[in-house]
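*Asks:* give me coordinates for this.
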Amino acid sequence: MSENTIAIIGAGAWGTALAIAMTGTGARTVLLARRGEHAERMQHMRENADYLPGIPLPEALEISADAPVLEDADIVLAVPPAQALRASLTRLGAHIRADAPVVLCCKGIERETGLFMSQLAAEILPANPIAVLSGPTFAHEVAKGLPAAVTLATRQERLGRRLIAALGRPTFRPYYSPDVTGVEIGGAVKNVIAIACGIVMGRKLGENARAALIARGLAEVTRLGTALGARRETMMGLAGLGDLVLTCSSTASRNTSLGLALGQGERLQDILEGRKTVSEGVWTAAALTVLAGERGIDMPITRAVNAVLHEGAAIPATIDALLSRPFRTETG
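*Replies:* Reported below is the predicted structural model:
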């Protein structure tokens, strides 16, 4: 496999940050925007003013809205919102070479089908090798070249090693894992737990409560992961604990900041309408609640967040219900 051209699908904050990082590998790098006017504006300004204002785009980075640019790509990074991945790959799949690995960089579960991103991609692009990239990363830090480490998961170890060699650089360090399921679960569940942590911040319940919520959130990640065949050590790694801690510890997280606004009394619809960016946990909460119910997996924090987001549950009563749960062993 000759990695000469890397194409990034999706010109939001994370897609743009990855494009900047990939330009630093020395490969020809192309950022594919969905809208022509967005691509033209970035080309003219050499900045993604909509999603990463103030961060210059490298002169070597090519920007386009023309799907045929994918035909030259040796590696494709797919970075649309999770709920838009199906539409994106369906629209662009004919332009992706069958031998080009597709690296999924969006975190979530498709709400309508309950599919994880790798399952969805395999359904649409059955001939393409699929990998998943996830971990504790804020887009603006990666775009600035600050150090970050991620997990790159694929069940094909040889492919994984070659992708790491192609995508890695000193300040962007991928680590290989064969545990695609565990990496995807960590990336999906942490967004829901982050909304809960934001609510805790908004209600001024204190740092003790937030730390406890992170720890119990990790227990939910681990219960779901082991039930679905993931490795427990993956939950303790970059894509599990690492991503959970980062996302739940800062209002730079879109999910945490959404929870903060909810905790302060804002309406979900108003919050979503006032944002350009997507808070994946809003939709993942619903899919996870269904999945956990079908599998008989106890995920009380996830269930509580879903009740607040989608079932009209009042935040004070929901918090009281969580705090009134029976005492139990920590590992139970």
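*Asks:* phi first, then psi, for the most centrally placed residue in the chain.
*Replies:* By Cα atoms, centre = their mean, the chain has its centre lying nearest to Lys107, at 2.9 Å. Main-chain dihedrals, Lys107, degrees, to the nearest 10: phi -120, psi 120.
*Asks:* so what's it closest to, chain neighbours aside?
*Replies:* Gly187 (3.5 Å; Cβ to Cβ, 6 or more residues apart in numbering). Every C-beta, even on glycine, is put in place using the N, C-alpha and C of the backbone.
*Asks:* any idea of the pLDDT on that neighbour?
*Replies:* The per-residue pLDDT reported for Gly187 equals 97.
*Asks:* what about it, is that helix, strand or coil?
*Replies:* Three-state assignment for Gly187 (DSSP: H, G, I helix; E, B strand; the rest coil): helix.
*Asks:* run a quick check on it versus Leu246, I expect a contact.
*Replies:* No. Gly187 lies out of contact with Leu246 (Cβ atoms under 8 Å); the separation is 11.6 Å.
*Asks:* returning to what we had before: dump the residue contacts of the residue nearest to Lys107.
*Replies:* Counting by Cβ atoms under 8 Å, 6 or more residues apart in numbering, Gly187 makes contact with 107-108, 132, 134, 239, 243.
*Asks:* how about Gly135?
*Replies:* 148-151, 238-239, 242-243.
*Asks:* please redo it, this time with the cut-off set to 7 Å
*Replies:* Applying Cβ atoms under 7 Å, 6 or more residues apart in numbering to Gly135 gives the contacts 149-151, 238-239, 242-243.
*Asks:* repeat for Thr251
*Replies:* Going by Cβ under 7 Å, 6+ apart, the list of residues near Thr251 reads 257, 260.
*Asks:* cutoff 8 Å now
*Replies:* Contacts of Thr251 (Cβ under 8 Å, 6+ apart): 198, 201, 257, 260.
*Asks:* mind checking how far the second one is from Ala122?
*Replies:* The one in question is Met201. 38 Å (Cβ to Cβ, to the nearest Å).
*Asks:* those two: which has the busier surroundings?
*Replies:* Between Met201 and Ala122, Met201 has the larger neighbour count (other Cβ atoms under 10 Å), namely 21 against 16.
*Asks:* helix or strand for the more buried one, which one?
*Replies:* If you go by DSSP states H and E, Met201 is part of helix 180-202.
*Asks:* buried sites along that helix?
*Replies:* Across helix 180-202, burial judged by 16 or more other Cβ atoms under 10 Å covers 180-202.
*Asks:* got a pLDDT number for the closest residue to Gly24 other than its chain neighbours?
*Replies:* Excluding its sequence neighbours, the residue lying closest to Gly24 (Cβ to Cβ, 6+ apart) is Arg169, at 5.3 Å. At Arg169, the model reports a pLDDT of 94.
*Asks:* in this structure Arg169 contacts Ala27, no?
*Replies:* No. Contact status for Arg169 versus Ala27: not in contact, 10.4 Å apart, counting by Cβ under 8 Å.
*Asks:* helix or strand: which one has the residue lying closest to Asn48 once chain neighbours are set aside?
*Replies:* Nearest residue to Asn48, sequence neighbours excluded (Cβ to Cβ, 6+ apart): Thr16, at 4.6 Å. Element membership of Thr16 [criterion: DSSP H and E] is helix 13-23.
*Asks:* Ile55 now?
*Replies:* Assigned by DSSP H and E, Ile55 falls in strand 52-56.
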